[in-house]
Structures are given as structure tokens and as C-alpha cells.
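Enquirer: model the structure of this input:
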Amino acid sequence: MIENGADMARVDDTLTRIARNAGINNPKIFETTTGILMSIPEQSSAQVEPIQKRTIDLEKVSLVNQNSRAFQDGQISLEEFRDNLVKLNISTPFFSFWLQLIAAVVVSVTLMIMYGGSSEDMIATAFAGGLGYSCYYLINNQLKIRFVSEFLASFLIGVIAVFFVHVHLGIQIGMITIGGVMPLVPGVPITNAVRDVFAGHFLSGMARAMEALLSAGAIGMGIAFVFRFL
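Expert: Model (predicted):
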């Protein structure tokens with residue numbers, strides 16, 4: 001659940017529900033964005049599980065939650081629950097790159113219009129959003145370097161916005177840029193950071209807030225480079 005974007009309050013509730021319905025009366029659980037520590041006081045044993053990757057797949061989070069509640073209600077056994085978790089981790093479909101690209105273009109154009117942009121900037125914004133997201137996606141999947149992907153993608157979006165305005169295929173550089181970077185904005189980490197802080201998970205909340213801040217900073221730096229040197 002942590003690997004796929006769940007907030008810590010949901011993770012803690014799910015782990016506690018599973019443990020208690022599996023016969024552990026007093027589980028001790030501590031989770032962060034980088035690992036889970038769980039102990040069973042009666043057995044004087046503990047286990048640490050590191051979290052080495054994080055992405056956004058809320059469908060997996062929902063399926064884990066559904067299975068945990070089915071286990072709580074006695075609809076499935078512990079062994080069936082474990083098998084279901086293994087299967088959904090492998091077989092849960094993820095949206096293809098082309099569907100993500102189309103969604104990025106739609107988000108870019110519609111939000112540019114909502115923020116007061118002109119319809120004459122729609123084509124430029126579509127190109128900026130689509131190519132920027134493609135750059136972000138490819139760097140994340142090929143090089144796996146955090147924050148560099150946001151920086152280069154936003155830099156490319158700024159270059160495209162400047163180019164389209166210079167060749168008179170766009171009007172407002174600012175609106176094209178704003179629309180283009182919308183698919184890159186770390187909305188889920190920001191939301192989870194606020195939820196974690198409100199739920200008392202201050203360590204995870206601050207970690208997620210810092211992650212979101214670094215992503216936003218990388219996006220801002222990419223745009224700033226374009227406006228400074230072009």
C-alpha cells in the first residue's frame with residue numbers, strides 16, 4: 001500500500017485489522033514511507049520490511065483494503081488472503097503509456113482553459129503537456145533518477161511554450177507553461193502529507209511533504225532556467 005501511494009493512517013488501520021483478525025491481540029506497528037516495523041510482544045519477535053520504490057496506483061490500495069475487510073468478515077482465510085495479495089500485486093492492470101499520455105494532454109488543456117487561458121493556446125498546451133509528460137515518463141522508467149525527470153520535463157515544457165509563442169502559434173507563454181506542468185504536479189504526495197500530519201503520523205507527513213516540495217522545486221527550477229536563458 002505504501003509503494004502505491006496510500007496514506008499512513010490507512011496503512012496502519014489495514015495492518016492492525018489483519019493482525020488482530022489473525023490472532024495477534026496487541027500488534028506493535030510502526031510505518032514510514034521507507035519501511036515497516038512490526039513486532040509481536042507475546043513472542044518477542046519483530047520484522048522489518050524496507051520500502052524501496054514508490055509510485056501511484058490507487059487501484060491496488062483499494063484492492064488490498066477490500067481483501068483485508070473480506071478477511072476480517074471471515075469470507076476468506078489467511079492463506080487465501082496472502083494468495084490474493086500476491087496475485088493483485090502481479091496482475092493488477094496498470095494504464096498503458098498511451099492512455100497516460102492522452103490523460104496528460106487532456107489535463108493540460110482543460111486546466112489551462114480553467115485558469116483563464118485562451119483557446120488559441122490549446123494546441124501549444126497539448127504539445128507541451130504531452131511531450132513534457134513523455135520526457136518525465138521515459139526518464140523515470142529508464143534512468144530511475146528522482147527529481148531529474150521533473151526538472152528536464154518542465155524545462156522541455158518551457159522551451160515548447162517559448163517556441164510556440166515565437167512562431168506565433170501561441171499567445172501566452174505563462175498559460176501554456178502552467179497547463180503543461182499540471183500533469184507533473186505532485187498532488188497525491190501533497191494530499192497524503194496533509195492527511196498523515198492530521199492523523200498524527202508526523203514523520204511520514206514531513207517526509208512526504210519534503211518529497212513533494214523537492215518535486216515542485218525541480219519543476220520550478222526547470223521553468224526558471226527557460227525564462228532566464230531563453
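Enquirer: so which elements touch the longest helix seen in the chain?
Expert: Ordering each helix of the chain by length in residues (DSSP state H) puts helix 202-229 first. When contacts are defined as 3 or more CB pairs under 8 Å, 6 or more residues apart in numbering; DSSP states H and E, helix 202-229 sits against strand 28-32, helix 148-166, helix 173-181, helix 187-198. Where you see a C-beta, it was placed from the backbone N, CA and C, and this is true even at glycine.
Enquirer: which positions in the second one come out as buried?
Expert: The reference is to helix 148-166. With burial defined by 16 or more other CB atoms under 10 Å, the residues of helix 148-166 counted as buried are 149-165.
Enquirer: for the third one, same thing?
Expert: By neighbour count, and taking 16+ other CB under 10 Å as the criterion, the buried residues in helix 173-181 are 173, 175, 176, 177, 178, 179, 180, 181.
Enquirer: wait, doesn't the fifth one sit right on residue 115?
Expert: Pointing back at residue 178 there. Yes - at 5.9 Å, residue 178 counts as touching residue 115 under the criterion of CB atoms under 8 Å.
Enquirer: how about the residue nearest the centre of the chain, secondary structure?
Expert: For the chain, the residue sitting closest to the mean C-alpha position, by CA atoms, centre = their mean, is residue 56 at 3.9 Å. Under DSSP: H, G, I helix; E, B strand; the rest coil, residue 56 falls in the coil class.
Enquirer: give me the neighbour count for the nearest residue to residue 215 once chain neighbours are set aside.
Expert: Nearest in space to residue 215, with sequence neighbours left out and distances taken as CB to CB, 6 or more residues apart in numbering, is residue 186 at 4.4 Å. Residues lying near residue 186 (other CB atoms under 10 Å) number 21.
Enquirer: and if you look at residue 129?
Expert: Residues near residue 129, counting by other CB under 10 Å, number 29.
Enquirer: hmm, residue 103 and it touching each other?
Expert: No - Residue 129 is beyond contact range of residue 103, at 9.8 Å (criterion: CB under 8 Å).
Enquirer: what's the overlap in contacts for those two?
Expert: Overlap between the neighbourhoods of residue 129 and residue 103 consists of residue 183, taking contacts as CB atoms under 8 Å, 6 or more residues apart in numbering.
Enquirer: tell me which residues in the host helix or strand of residue 112 are buried?
Expert: For residue 112, the element it lies in under DSSP states H and E is helix 97-114. Applying a neighbour-count criterion of 16+ other CB under 10 Å, one finds 101, 104, 105, 107, 108, 109, 111, 112, 113 buried in helix 97-114.
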